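Participant: coords please:
(one chain, ligands or ions: 2)
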Amino acid sequence: MKVSVLGPGSFGTAVAQLISQNVNEINLFGRNKDIINSINQKNINNVYHPWVPLNENIKAFKLENKNLIMDSDLIIFCIPSGSTRIVAEYLSGVLDDQIVISTAKGIEYPSVKYMTQVIKEETGLDNIFSLSGPTFADELIRNVLSAVTMGIRGSHKDIINLFKSPNILLDVSEDVEGVELCSILKNIYATAMGIFDTYYQGNNEHNALLNLCFKEMDSILRASGHMGLYSNFCSFGDLVLTANTDKSRNRTIGLMLGKNMKLDPSSPVNVESIKSVKAIKMMSNNYNFKTPILDFVDLAFDEREDIRQLMNQLIKRLDYSPINL
Ligand SMILES: NC(=O)c1ccc[n+]([C@@H]2O[C@H](COP(=O)([O-])OP(=O)(O)OC[C@H]3O[C@@H](n4cnc5c(N)ncnc54)[C@H](O)[C@@H]3O)[C@@H](O)[C@H]2O)c1
Ligand SMILES: O=P(O)(O)OC[C@H](O)CO
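Facilitator: Ligands and ions are numbered 1, 2, ... in the order given. A predicted model of the protein is given here:
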């Protein structure tokens, strides 16, 4: 099977390294010539993973090499959600029957469309699936035991074998968009936990709030028609990993918000929750239940100077005492 990975960044390079164990050759496509040369000449992604020797059957090319992409059987998007549409549109003329996997953990705003929907709109392809789970790229690329959920349905489930490795635990769901929604929500609640942890240092408080995040996340999943994913790696596992680990960009931006640190809108660092919270807030306007933590994160991004006041208001809204249930 000919596999192409779009986006030789943190995750795309790690995915290519994983799959390279199971194919003869895998192609990475990106826009940074320096990275492309480094991968092809030194088997190193000098920007995103400068200390990790890449398998020699990983080759890198400029995204303009559309014919090579056209020749692929499987295309894996490892592009941030904010750029997925533009890349899918750029390739739409050369795609006809490829299988696609989207790994972006974000949602389009203000359209509130999942990446699989965006890619289908731009390419017209039918077999578009999702991959998510508690996987920091820098650990995945080092073959650390990692877990992923593949959102896939139909007759192409054999592509799951491309991700086989002694250190990969993989569960599957036919709820392709539900897997995407898990990945979107976990980033938002990781940001919430980053803010909370700048105010609350207790273990009891941290885990009470983390459980409330999971509770709200599960309510949104159910209200959106995605039941039964709570035990998949893409749900509980990725929420806990991201919400508890300072390595996470989404948790880190929460820590910065909590400390009233200025966010640099021009930063090249990809933080999916910044836009996702606006999209999910729009989605939640149709729900018949409250989402106090989602509302809090949305306001925290907007009303920076009132974080402590927002925290106090949130705690009042989180009253789960039995008489209020
Ligand atoms: N980093 C992780 O640990 C990790 C793990 C799982 C999933 N993800 C998800 O994967 C997606 C990518 O994240 P990342 O961490 O790899 O980001 P990154 O910033 O490390 O890499 C993004 C890659 O996409 C490319 N890109 C961005 N915009 C582009 C455009 N307009 N045209 C062509 N190429 C473009 C960049 O050049 C880069 O190669 C995100 O949605 C993220 O949530 C990341
Ligand atoms: O750095 P983050 O917050 O984008 O998290 C990376 C991965 O999604 C962890 O599963």
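Participant: isn't residue 149 right up against residue 173?
Facilitator: Yes. When contacts are counted by C-beta atoms under 8 Å, residue 149 is listed as touching residue 173 (6.1 Å). The way it works is simple: take the backbone N, C-alpha and C, and place the C-beta from them, glycine included.
Participant: Please enumerate the shared neighbours of these two.
Facilitator: Shared contacts of residue 149 and residue 173, defined by C-beta atoms under 8 Å, 6 or more residues apart in numbering, are found at 179, 229, 232, 234.
Participant: Read off the pLDDT value for the second one.
Facilitator: For residue 229, the model assigns a pLDDT of 94.
Participant: go on, the third one?
Facilitator: According to the model's per-residue confidence, residue 232 sits at a pLDDT of 97.
Participant: wait, does the longest helix along the chain contact ligand 1?
Facilitator: Scanning the chain for the helix with the most residues, using DSSP state H, yields helix 176-199. No. Among the residues of helix 176-199, none lie within reach of ligand 1 under C-beta under 6 Å from any ligand atom; the closest is 6.9 Å away.
Participant: pLDDT averaged over that helix - what is it?
Facilitator: Taken as a whole, helix 176-199 has a mean pLDDT of 97.
Participant: sorry, back to before: quickly name whichever of the shared contacts of residue 149 and residue 173 is closest to residue 108.
Facilitator: Distance to residue 108, by C-beta to C-beta, is smallest for residue 179 among those, at 16.5 Å.
Participant: Residue 149 and residue 173: which is more packed in?
Facilitator: The neighbour count for residue 149 versus residue 173, taken as other C-beta atoms under 10 Å, is higher for residue 149 (28 against 22).
Participant: Please list only the buried members of the shared contacts of residue 149 and residue 173.
Facilitator: Listed as buried from these are 179, 229, 232, 234; burial here means 16 or more other C-beta atoms under 10 Å.
Participant: This structure against ligand 1: which residues are in contact?
Facilitator: Residues of the chain lying near ligand 1 (C-beta under 6 Å from any ligand atom): 7-12, 30-32, 48, 63, 78-81, 83, 86-87, 103-106, 135-137, 270, 272.
Participant: and the residues you listed, which of them are in strands?
Facilitator: The strands, defined by DSSP state E, take in residue 30 from the residues of the chain next to ligand 1.
Participant: Any of the residues of the chain next to ligand 1 buried? List them.
Facilitator: Among the residues of the chain next to ligand 1, those buried by neighbour count (16+ other C-beta under 10 Å) are 7-12, 30, 32, 48, 63, 78-81, 83, 87, 103-106, 135-137, 270, 272.
Participant: near ligand 2, from those?
Facilitator: By C-beta under 6 Å from any ligand atom, the members of those lying near ligand 2 are 105, 135, 136.
Participant: Out of those, the closest to ligand 1 would be?
Facilitator: residue 105 (3.5 Å; C-beta to the nearest ligand atom).
Participant: I'd guessed that closest one sits against residue 131; true?
Facilitator: No. Using C-beta under 8 Å, residue 105 is not in contact with residue 131; the gap is 9.9 Å.
Participant: Surely residue 39 is in contact with residue 47?
Facilitator: No. Between residue 39 and residue 47 there is no contact under C-beta under 8 Å: 10.1 Å.
Participant: These two: who's more crowded?
Facilitator: Neighbours were counted for residue 39 and for residue 47 using other C-beta under 10 Å; residue 39 has more, 23 against 15.
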